[in-house]
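J.: Mind folding the following:
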Amino acid sequence: MLFICTENSARSQMAEALLRHHASHMFDVFSAGPAPQTVDTRAIESIERFGLSGEGLVSKAVDLFADRYFDFVIVLCDRAARECELPQAYGTCLMWDFEDPKSRAGQRPFDLTLRELNERIKLFVLIQSKNDGTLMP
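T.: The predicted structure is shown next:
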């Protein structure tokens, strides 16, 4: 599984941590972006407030994974979808457009984005576990 977001600094990092938490028994999980930046400390703080570890999360370029096959690639923002050339060898590519928490209004935008990603990922895991007969923990 590869999550892609433009800077690989918030949404895709959150998604990577969440899917590892929910389904590391089902997926090898990675994240990357076409224009990677330093992981936003607010994303790490939200991940840790959620009860997960943010240790080891680093931004990576999509090109790093050019020769690797992924059953699923999930693009988390429209900008990345426009800017990123996905290799033909990828399996299913899904588009989940989540608002960038860095520009999102309201209180605790990173926590809100993390909760929204968590709900989508839990649904995705449930569907995949039913499709392949894997029992959820």
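J.: which residue packs closest to Gly54, ignoring adjacent ones?
T.: Take Gly54 and drop its neighbours on the chain: the residue closest to it by C-beta to C-beta, 6 or more residues apart in numbering is Ile44, 3.7 Å away. Every residue, glycine included, has its C-beta placed from N, CA and C.
J.: ok, now how distant is the one you found from Leu123?
T.: Look at Ile44 and Leu123: by C-beta to C-beta, to the nearest Å, they are 24 Å apart.
J.: Neighbour count: these two, which is higher?
T.: Ile44 (20 against 10; other C-beta atoms under 10 Å).
J.: so after the host helix or strand of the more buried one, what's the next helix or strand?
T.: If you go by DSSP states H and E, Ile44 is part of helix 41-49. Counting by DSSP H and E, the next helix or strand C-terminal to helix 41-49 is strand 72-75.
J.: contact partners of that next one?
T.: Identification of contacts with strand 72-75 by C-beta atoms under 8 Å, 6 or more residues apart in numbering yields 1-5, 15, 27, 81, 84, 86, 90-96.
J.: redo that, cut-off 10 Å
T.: 1-6, 12, 15, 19, 27, 29-33, 62, 65, 81-82, 84, 86-87, 90-97, 120-121, 124, 128 (C-beta atoms under 10 Å, 6 or more residues apart in numbering).
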